[in-house]
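> need a 3D model of the following:
(2 chains)
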Amino acid sequence: MGVRIERVDLPGIGVRNDILTEGGRRISVIGYRSGERDIAIFDRDDPDACTDSVALTDDEATRIGEMLGASVTLSKLTELGDGAVGLYTEEIVIPVDSGFGGRPMGDTRARTLTGSSIVAIARDGQVIPSPGPSTVLQAGDVIVAVGTRKGLDALADIIDRGPR
Amino acid sequence: MESTALLLIEVGGLLLVLSILGRIANRIGVSPIPLYLIAGLFVGDGSLIPLRESMDFFHIGSEIGVILLLVMLGLEYSPTELVKGLRQAKFSGLWDLLLNALPGAAFALLMGWGPVAAVVFAGITWVSSSGVVAKVLRDLKRLGNRETPTILSVLVIEDLAMAFYLPIVSAIVIGEALSQAAITVAIAVIAVLLILFIALRFGKVISRIFSLHHLESLLLGVLGLTMLVGGLSAELKVSTAVGAFLVGIAITGQVAEEAVRVLGPIRDVFATVFFVYFGIVTSPATLLPVVLPALALAAVTIGTKVLTGYLAARAAGVGVAGRWRAGFALTPRGEFSIVIAGLAATALSAGNAQVAQFIVSTTTAYVLITIIAGPLLARIPDTDWFKGAVRRRAERRARLQPE
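You can find the predicted model right below:
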């Protein structure tokens, strides 16, 4: 996982940490001596300038960190199945108008009907690992399911149609 | 009226007015320093509402203001940053000195104020205002930019250079014989180097004198040590400001951070007093005749500062647009120019009062111009027409020199 982080001292102010993304964009976090921080995104046209910088409070910075961390966990989970023979992972969104919102996960009868397992639920930037049948789903949740191609397609249909 | 009562009324009234001015400045997004200077002009000798009882208070307060400004500046830099900055930006520091100090010196000679004033003006036009520049960079959201470390390292070098320059000025303005002045300067340079060395090596030990757990004693301790060293350096003719700056550098780490926090509010009060007092000692009558010369000086030295920043950023490998940004950001002059002028004026007022008055009023006008114009000029490289002009020029150049 080669991520290049460049650290630059800002005398009298603090430090700046830059990350150069794979897509060639540069994002930096400016840490002030006083403990505050800004996040800045660099200009596409002028590689020396940032287009904007946003000051973040302690809580906001923590939340953004959590959200990013959770999405990494999710993409790791997704990678997991892809190598195994015939086994796939899929992220399925519970639509806002879905009847499953507010009902326990067991109501989908995913395992019985499709043979797929729901291994995680991503909600508000956090991941709920290994949910049980009694875990209550919410509209907007992303469920991560593992199963055969056919089973996963069937599960997606069930989620779309809603509970009978 | 009883004199203490009058003193309180004058100080209180003026501080109230300053508080309103500070708010106005904040609202329109400019530095409050020019407004404080102008407020001082209105209450000085021979002005509209001259202060009667509180002059001494403002005088002593301004001395404490200089000490606090400088100790805070020192606290904000760590010794390693200074050494690193010196190593990285020594060449841009040299250009900075040549390009900006020489016009100041030439100006004083042209005006016929003599070689002493030339040395003083060299410093006044040389040093950018670290406080104002850092604030402009933050306001314009440029702290993340690539040219910013270059700008900051130029500021670091200038501030560090002041530790050597101020003792030289102090020695020259009191009119010592050349041999005597050389000795004073040598003492000053040795003292500065010694303190820097101690700060680098034993900064932790010095910081350990202070307790982090008792903020009141930390406040009194740092304030006490700074004033003590400031006084001792004045005794050695090294200038109080330099002593205070070095104390700030010697204190490092967590103690420095806490000290910045506890000293901050006191610094704000006395730094304001310092700027007001400089306005007070400027007589409004002498200000008018120097406005034009000060404008010319400002125009020339804003140009040379832009060139300095441009060259420094180019040396650091920054693109054309970034070079211009660095140049324009460096143009405001402020607290140090006033410190230098104040130092010179105090020493000269006994011998050559007229030149002293000229130095003070020209500096007031000069700082007012650059500190107001600087932050506005700093926005030029962000405008669309400027960006367009830079791009068109690059395209033309690319066409002229096919690969």
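> secondary structure element for residue 163, which one?
As the question left the chain open, I've gone with chain A. Under the criterion of DSSP states H and E, residue A:163 resides outside all helices and strands.
> sorry, I should have been clearer: chain B.
Judged by DSSP H and E, residue B:163 forms part of helix B:148-173.
> what is the mean pLDDT for that helix?
Average pLDDT, helix B:148-173: 86.
> pull out the buried residues from that helix.
B:148-163, B:165-173 (16 or more other C-beta atoms under 10 Å in any protein chain shown). For the C-beta atoms, the positions are set from N, CA and C on the backbone; glycine is no exception.
> hmm, that helix touching chain A?
Yes. Helix B:148-173 is in contact with chain A by C-beta under 8 Å from any C-beta of the partner chain, via B:148-149, B:152-153, B:155-156.
> just checking, what packs against the helix or strand harbouring residue B:289?
Taking DSSP H and E as the criterion, residue B:289 maps to helix B:284-315. Judged by 3 or more C-beta pairs under 8 Å, 6 or more residues apart in numbering or on different chains; DSSP states H and E, helix B:284-315 is in contact with helix B:90-110, helix B:148-173, helix B:320-329, helix B:353-377.
> on the C-terminal side of the second one, identify the next helix or strand.
Translated: helix B:148-173. helix B:178-208.
> hey, where'd the helices end up in chain A?
With DSSP state H as the criterion, chain A has helices at A:58-82, A:110-114, A:149-161.
> the last one - contacts with which helices or strands?
Helices and strands touching helix A:149-161, as assessed by 3+ C-beta pairs under 8 Å, 6+ apart, comprise strand A:88-93, helix A:110-114, strand A:142-147.
> hang on, the earlier thing: which of the residues of helix B:148-173 next to chain A sit farthest apart?
For these, with distances taken as C-beta to C-beta, the pair at the greatest spread is B:148 and B:156 (12.5 Å).
> the helices of chain A: lowest mean pLDDT?
helix A:58-82 has the lowest average pLDDT among the helices of chain A, namely a mean of 75.
> just the element for residue B:331, please.
Per DSSP H and E, there is no helix or strand for residue B:331.
> chain A contacts on the stretch 201-350 of chain B?
Within the stretch 201-350 of chain B, the residues that sit near chain A (C-beta under 8 Å from any C-beta) are B:257, B:260, B:318-319, B:321-322, B:325.
> any of these buried? List them.
B:257, B:260, B:318-319, B:321-322, B:325.
> of those, closest to residue B:226?
residue B:260 (12.8 Å).
> just checking, the closest one touches residue B:77?
No. Applying C-beta atoms under 8 Å, one finds residue B:260 not in contact with residue B:77, separated by 11.2 Å.
> now the most centrally placed residue in chain B. Nearest residue, chain neighbours left out?
Nearest residue to the geometric centre of chain B (C-alpha atoms, centre = their mean): residue B:336, 2.3 Å. Leaving aside its sequence neighbours, residue B:336 sits nearest to residue B:127 (C-beta to C-beta, 6 or more residues apart in numbering or on different chains; 4.1 Å).
> with residue B:189 instead?
Using C-beta to C-beta, 6+ apart, the closest residue to residue B:189 is residue B:164 (6.1 Å).
> what sits against that neighbour?
Residue B:164 makes contacts with B:188-189, B:192, as judged by C-beta atoms under 8 Å, 6 or more residues apart in numbering or on different chains.
> touching, residue B:46 and residue B:282? I think so.
No. With contact defined as C-beta under 8 Å, residue B:46 does not count as touching residue B:282 (10.6 Å).
> could you check which of the two has the larger neighbour count?
residue B:282 (27 against 9; other C-beta atoms under 10 Å in any protein chain shown).
> next one: phi and psi at the more buried one?
phi -80, psi 120 (degrees, to the nearest 10).
> the residue nearest to it when sequence neighbours are not counted and chain A: what is the separation?
Once flanking residues are discounted, residue B:282 sits nearest to residue B:364: 4.4 Å by C-beta to C-beta, 6+ apart. The gap separating residue B:364 from chain A is 26 Å, by C-beta to the nearest C-beta, to the nearest Å.
> residue B:364 contacts residue B:284, doesn't it?
No. Under the criterion of C-beta under 8 Å, residue B:364 makes no contact with residue B:284, lying 9.7 Å away.
> show me the shaky parts of the stretch 151-300 of chain B.
B:175-178 (pLDDT under 70).
> go again using 90 as the cut-off
Scanning the stretch 151-300 of chain B for pLDDT under 90 picks out B:153, B:156-157, B:159-218, B:229-230, B:232-243, B:245-258, B:260-261, B:264, B:278-289.
> before we move on, what about chain A?
Along chain A, the parts satisfying pLDDT under 90 run over A:1-28, A:31-36, A:41-55, A:58-59, A:61-164.
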